[in-house]
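>>> pasting the sequence and the predicted coordinates here, then a few questions.
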Amino acid sequence: MKWPTALLTILFIAGVSCGNEKHEAGVCNDALLSGSTNFHTFILSLPDYVVTGLTKNPDANGALGRNLDGYFHVRFQMDIGFLASYAVYTKSDDALAKFILAAEYSFNKQKPTGDFELVIPSNLQYLGTPSEGDLTSGVAFFTSAVGSSLVLLNQSSWFMNRPNDALAQRLANLKSKFQLTVNYLKAQKEVLKMYDKDAPNRLFFDALAFYSMGTYLNDSQAKAIGIEFIESALAQQDAAGFFIEGGGFDSSYNGVSLRLGMVLLGTLQPQDDLYVRLKKAISCSVQWQATRILASGEISSTGNSRVYPGGESFLGSEKQIAWIETLLSFYFTYTLSSNETYRGLAKKVETFYK
């Protein structure tokens, strides 16, 4: 099975409350996600071949993704999260060691200010220098992957019962570096709010970066900022259920928002009011996402605002549908709802894109 690297019109007549928006009667079941669980259980509920297929090994230095050809930026270390998932799924010290190696490689590129070095490859220098918003958002992307990984490890009884060995010490040695990056992001909060305000998927990345790291570091200020970003994302949910990207709907980025929102559900406390509202919003959004799955399993890009043939590009290449995000969202939906429809949709998407 070939798994790529992860990053990825219904008319209504009468409304019914769902999250922050009005949804049509009989269209959105805002109680679809009836259960509650943590991120660790989400990961353990996945088929083993999905977890294995998503896991990419770092090189001997700890580089992942685009950094395998020479360090570019920590944004391209985001596959680090799948290493953590594989470690807890298989209870593997070897996978844990690879996760820690990738983290060490990343934070060896950290600057005293908490952000990270940028080395633009020669073949991409024609694109110019990234803006402050680009770079800050890239750090938030990476931090969301590391933070959610750390939360996942702490939710795992296997990890928490491991001996305080050399691996545990290497991870503990990074804690001050984690805090330094969180402090950098705190100082850049307004930059992120301005740069990401029209892209709910990025607001969810920001939210996960702050809230997950705040949870791991016991940093209440970071958690509070994470909540601000969740609220900003929820405010941009359309009545139809999708999160508004570029002024409209986008089946690729809506899948990204769903996956991130569900990881946040696995991190928040179920008794919190925000948890309840986020779960209702995701219930509606995943039902909209299901309408974008064609009979073949392809995720339709027709009408998308951002990702479609001839649409947006990134680093000189046209963006492709982030199908893995949708696949994971459907599997997570099945875990929280026991609704076989969503497990079936996950398998259908997987069959088309694998």
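Received it, and whenever you're ready, just let me know what you need. Numbering: from 1, shown residues only.

>>> out of everything not next to it in sequence, what's closest to L258?
Among residues not flanking L258 along the chain, S329 sits closest, at 3.9 Å (Cβ to Cβ, 6 or more residues apart in numbering). Backbone N, C-alpha and C define where each C-beta goes, glycine included.

>>> average pLDDT across stretch 299-306?
Mean per-residue pLDDT for stretch 299-306: 94.

>>> in it, what's buried?
Neighbour-count burial for stretch 299-306 flags 299, 301, 304-306 (criterion: 16 or more other Cβ atoms under 10 Å).

>>> from those, which is closest to I324?
I299 (10.7 Å; Cβ to Cβ).

>>> show me the contacts for that closest one.
The contact partners of I299, by Cβ atoms under 8 Å, 6 or more residues apart in numbering, come to 251-252, 255, 292-293, 321, 323, 326, 349.

>>> what's the closest residue to T55 other than its chain neighbours in contact with, if anything?
With Cβ to Cβ, 6+ apart as the measure, Y86 is the residue that lies nearest to T55, at 4.3 Å, once sequence neighbours are left out. Applying Cβ under 8 Å, 6+ apart to Y86 gives the contacts 51-52, 54-55, 92, 95.

>>> need the max-distance pair from those.
L54 and S92 (14.6 Å).

>>> between the two, point out the one with more neighbours.
L54 (21 against 15; other Cβ atoms under 10 Å).

>>> isn't the more buried one up against E325?
No. With contacts counted by Cβ atoms under 8 Å, L54 stays clear of E325, the gap being 11.1 Å.

>>> dihedrals phi and psi, F142?
phi -60, psi -40 (degrees, to the nearest 10).

>>> now the residue lying closest to it once chain neighbours are set aside: how far from S106?
Nearest residue to F142 in three dimensions, chain neighbours excluded: V74, at 4.3 Å (Cβ to Cβ, 6+ apart). Going from V74 to S106 by Cβ to Cβ, to the nearest Å gives 5 Å.

>>> average pLDDT across the host helix or strand of Y275?
Here Y275 sits within helix 273-290, counting by DSSP states H and E. Helix 273-290 carries an average pLDDT of 96.

>>> any buried residues in that helix, and which?
Neighbour-count burial for helix 273-290 [16+ other Cβ under 10 Å]: 275, 277-290.

>>> check stretch 206-224 too.
Applying 16+ other Cβ under 10 Å to stretch 206-224 flags 206-217, 219, 222-223 as buried.

>>> again, but for stretch 344-354
In stretch 344-354, counting by 16+ other Cβ under 10 Å, buried: 345-346, 348-350, 353.

>>> number of nearby residues for S122?
If we define neighbours as other Cβ under 10 Å, then S122 has 8 of them.

>>> tell me the phi and psi of F314?
phi -140, psi 120.

>>> tell me how far it lies from A322.
For F314 relative to A322 (Cβ to Cβ), the value is 11 Å.

>>> kindly report the same for V191.
For V191, the distance to A322 - Cβ to Cβ - is 24 Å.

>>> neighbour count: those two, which is higher?
Higher neighbour count among V191 and A322: A322, with 23 against 17, using other Cβ under 10 Å.
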